[in-house]
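Student: Whatever this is, show me its structure:
(chains A and B)
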Number of protein chains: 2
Amino acid sequence: MAKTDNMAKEDKSIGSGWHFSPDAIHKPAEVDTAAPPSAGRRSFLRKGAAMAGVALAGAGGGASVAQAAKLTVPEWSRTMGKPIPPTDYGMPIEYESHYVRTRSDVFVNRQNYSDWSMSPLQKQQGIVTPNGVFFERHHNGTAKIDPEQHRLVIHGLVKRPLVFTMSDLMRYPSVSKFHFMECSGNTLTDWREPRSTTVQQSHGLLSCAQWTGVPLAWLLDEAGVDPKGKWVMLEGADGSGHLRSIPMEKIMDDVLIAFGQNGEMLRAEQGYPIRAFVPGWEGNTSVKWLRRIKVVEGPAHVRGETARYTDPMPDGKWRQFSMEMECKSVITSPSGGMTLRGGPGFYEIQGFAWSGNGKITHVDVTLDGGRNWREATLEEPVMDKCLTRFRYRWNWDGGPARIASRAKDSTGYVQPTVEDLAREREIVGFVQHHNGIYPWAVSQQGEVTNAIG
Amino acid sequence: MAKTDNMAKEDKSIGSGWHFSPDAIHKPAEVDTAAPPSAGRRSFLRKGAAMAGVALAGAGGGASVAQAAKLTVPEWSRTMGKPIPPTDYGMPIEYESHYVRTRSDVFVNRQNYSDWSMSPLQKQQGIVTPNGVFFERHHNGTAKIDPEQHRLVIHGLVKRPLVFTMSDLMRYPSVSKFHFMECSGNTLTDWREPRSTTVQQSHGLLSCAQWTGVPLAWLLDEAGVDPKGKWVMLEGADGSGHLRSIPMEKIMDDVLIAFGQNGEMLRAEQGYPIRAFVPGWEGNTSVKWLRRIKVVEGPAHVRGETARYTDPMPDGKWRQFSMEMECKSVITSPSGGMTLRGGPGFYEIQGFAWSGNGKITHVDVTLDGGRNWREATLEEPVMDKCLTRFRYRWNWDGGPARIASRAKDSTGYVQPTVEDLAREREIVGFVQHHNGIYPWAVSQQGEVTNAIG
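Tutor: Numbers count the residues shown, from 1 in each chain, chains lettered A, B, ... in the order given. Just a heads-up that it's a prediction; the model follows:
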């Protein structure tokens, strides 16, 4: 077979060439939109062919086609790559430098030290959030703690108060578990009208990791809890001295003294060298930079339990200790700010579902603003109090659509609408614990926008 | 209660003080070694108390004790922390700068571009290896590929050859799965005598991630495979043009065209923008920087299948296409280079088990060089072709010990000894596919060393 010089390198190993027509590349998609929305894999692929890969014309044509295509061997196939350094901790390639967490640009924060950053959910693959883009929320900036100097104290209603160095804690048996973490304020900007442009802005105070640590129950077992001790106070060593009270029942169930996240020691902004991790409960209960654990008779009603982290109710009172993050879901692709490029045809809808009360058992997707619902596929592994990815194959007909997801958890709880929530609580301003169904509008041009309210 | 000024800050929120005796801190551990090795959690904690946390003496003592302890409020509790930047991709804290992948310092490599780096398994938490320390193996260094220019071609024995841009591929439905990756050469330095000092050196060509991509079966379905096509060749776009042949049966089972790893797009060194991912098979079959897929009648017997990636057999022939990574395990803590600080007492043995042929069903641990074996606990989730963490609580009596693990997978295969392997294969020099049981020696001083051979 005739070959150009440029072809020779690729061809030498298996004795054949690359042949494709320049016209065929980037040819506009030609999609049959008649297939039913619930079409299975084979029909997705058959219908989506022209969209998802372009047929190589002239496959038997040889060099003239290759020459017409101006096919060249790219730089990276002709040169030596970058050698491996003696030691390193690697970083993403510069082409992916847009994959970052960002401070909110919706609800502008004027206190630089009591701040938050949001995770780019719309670009996340799988269920594990990279530590580099795991959302942040601090009351006094990120503390930098020397692990050799750090101490954890357990005292209060215990037989034997204890103090631990990091070496002490690391000698304990430990456990590793996958769990999501969500700030109680996630989505608080978008109750009645769309303020966020992207899902990063509306839902980005949400991330998921594999956490490693020592169950606090084991440490308390050793300290010997007085039967009068029904609550546990957790205090951070950062400048804010953040404090929360947690009922003993939850502590004994699954609270960790965590030192590891996604395979490595905690990042500074996640509470290095140790934090509490309270699975499924609002993020601020997982006190970072943990220095003190005090067993007490009742909750302490500290600032984070009275002035903050409470919810207004219709009767004018404020609900305290609403710490479980209830079942919630959101479509991350397509989501606000994206465009369905390529026009009508098949698109895979993807999103996250999670519950602080158990496993996700079911996710439905609507394409028509909630009139009809269709079952999405849950991707394994589906774990307790963990992000679950759902997928649904959508054959977009090119008309306006209003898409949303609705999750159900293992307690039978079904994700409510904002209207449902408004019947139980006072939704006024930026209130917390918004787990409502969240719609995106798709225009005829394929533009996706926030459609809440 | 009397307070020093230094105590005031900690005390104000919950009305009590921190009281501990300077003598109690870092007091040598006092451990009862009489407890049985199989002791459960409660006895671990009861016996391990003095080791794992030091009792606070003088809990009712007040200020004089605090003053004697020279208790001060640390810098990080008195100052503002670091504010959140507008956007960022975070990095580990400098105290953890020892957590890096390293080039081998055992089997010295003189070809800087055909190189490898090893993952710090001894420090890994959980089962997900951070992308920053995921092991590397290249034949020509790390290629840097512009994703907009990159193309993937499918041709050969197909009805319709196809070319894909990255946008084409990303429009496909995808899947995300947790799987380990291991180089066929992992542990090749340590068959008959100890050469490696640490488990990073002996077993660090092993890592695990959640991979996201499009099943290659779906793309081939679209291209239309000719019934004569029984193998598939995969070719990389880096300067080495690395090639491997994979049987069609495996391709149709679970091979992915992967673009995501642990929540983000692949790192450059892992094949950005796309690689093959062949679950459970030797790492070099998961061709990085993938540019070409050719459906063929039989394997191509390229260099990576004749000169390399073959195993010598006792009859003088070389075994080809031994691509499944068979069931294997290793203890990572305690492991070579560590010391059991604190002397006799309880230690949690931890390690990894994995199999390219299914799930891990069982791991046993020996403390006496293989005479007796005890069952370890497998930590959930236990997934197919994925690292599984095992744990075993060991009450070290302070005498010399020889510890090792032995895994079994869902096919019934039991991890062999080196002697078992030597009966089937020719173990001479640095041969590949070493999945033998791997012992560490523990001295009376608590020093842990490589005890292979």
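
Student: Which secondary structure element is home to the residue positioned nearest the centre of chain A?
Tutor: Nearest residue to the geometric centre of chain A (C-alpha atoms, centre = their mean): A:Ser207, 3.6 Å. Following DSSP states H and E, the helix or strand that holds A:Ser207 is strand A:206-215.

Student: mean confidence score for that strand?
Tutor: Throughout strand A:206-215, pLDDT has a mean value of 98.

Student: quick one, that strand and strand B:206-215 angle?
Tutor: Going by axes from the mean of the first three to the mean of the last three C-alpha atoms, to 10 degrees, strand A:206-215 is angled at 150 degrees with respect to strand B:206-215.

Student: Just list the residues touching the closest residue to A:Ile251 other than its chain neighbours, thanks.
Tutor: Counting by C-beta to C-beta, 6 or more residues apart in numbering or on different chains, A:Ile251 lies nearest to A:Val232, which is 4.9 Å off, once chain neighbours are set aside. Just so you know, the C-beta spots here come from the backbone N, C-alpha and C atoms, and that holds for glycine as well. A:Val232 is in contact with A:216, A:220, A:245-248, A:251, A:293-296, counting by C-beta atoms under 8 Å, 6 or more residues apart in numbering or on different chains.

Student: What is the neighbour count of the closest residue in space to A:Val255 that isn't next to it in sequence?
Tutor: Closest residue in space to A:Val255, ignoring its immediate chain neighbours: A:Leu216 at 4.6 Å, by C-beta to C-beta, 6+ apart. Neighbours of A:Leu216 under the rule other C-beta atoms under 10 Å in any protein chain shown: 26.

Student: got a list of what the closest residue to chain B within the stretch 301-450 of chain A touches?
Tutor: Residue nearest to chain B within the stretch 301-450 of chain A: A:Glu348 (4.2 Å; C-beta to the nearest C-beta). A:Glu348 makes contact with A:333, A:391-394, B:172-174 under the criterion C-beta under 8 Å, 6+ apart.

Student: Looking at these, which are in strands?
Tutor: A:333, A:391-394 (DSSP state E).

Student: Could you dump those residues into JSON lines with distance to chain B, pLDDT and neighbour count added?
Tutor: JSON lines is the format used below for the ones in strands among the contacts of A:Glu348 (distance: C-beta to the nearest C-beta, whole Å; pLDDT from 0 to 100; neighbours: other C-beta atoms under 10 Å in any protein chain shown):
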{"residue": "A:Ser333", "distance to chain B": "10", "pLDDT": "97", "neighbour count": "19"}
{"residue": "A:Arg391", "distance to chain B": "7", "pLDDT": "98", "neighbour count": "19"}
{"residue": "A:Tyr392", "distance to chain B": "10", "pLDDT": "98", "neighbour count": "23"}
{"residue": "A:Arg393", "distance to chain B": "6", "pLDDT": "96", "neighbour count": "22"}
{"residue": "A:Trp394", "distance to chain B": "10", "pLDDT": "97", "neighbour count": "22"}
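
Student: ok, of those residues, which one's closest to A:Arg423?
Tutor: Ranked by distance to A:Arg423 (C-beta to C-beta), the ones in strands among the contacts of A:Glu348 are led by A:Tyr392 at 28.6 Å.

Student: For the stretch 101-250 of chain A, which segments are assigned as strands?
Tutor: Using DSSP state E, counting those that start in this stretch, the strands of the stretch 101-250 of chain A run over A:101-103, A:115-118, A:136-138, A:152-156, A:162-164, A:175-182, A:206-215, A:231-236, A:243-247.

Student: do the first one and chain B meet?
Tutor: What that stands for is strand A:101-103. Yes - using C-beta under 8 Å from any C-beta of the partner chain, strand A:101-103 reaches chain B at A:101-103.

Student: just to revisit the earlier point, check contacts around the residue nearest to the centre of chain A.
Tutor: By C-beta under 8 Å, 6+ apart, A:Ser207 lies in contact with A:119, A:129, A:133-135, A:180-181.

Student: one more time with 6 Å, if that's ok
Tutor: Contacts for A:Ser207 (C-beta atoms under 6 Å, 6 or more residues apart in numbering or on different chains) come out as A:119, A:129, A:134-135, A:181.

Student: Intersect those with the contacts of chain B.
Tutor: The residues of these that also fall near chain B, by C-beta under 6 Å from any C-beta of the partner chain, are A:Thr129.

Student: Any quick ChimeraX command for the buried ones out of the contacts of A:Val232?
Tutor: Per 16 or more other C-beta atoms under 10 Å in any protein chain shown, the buried members of those correspond to this ChimeraX selection:
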select /A:216,220,245,246,248,251,293,294,295,296
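
Student: May I ask you to confirm that A:Ser329 is in contact with A:Ser405?
Tutor: Yes - at 4.4 Å, A:Ser329 counts as touching A:Ser405 under the criterion of C-beta atoms under 6 Å.
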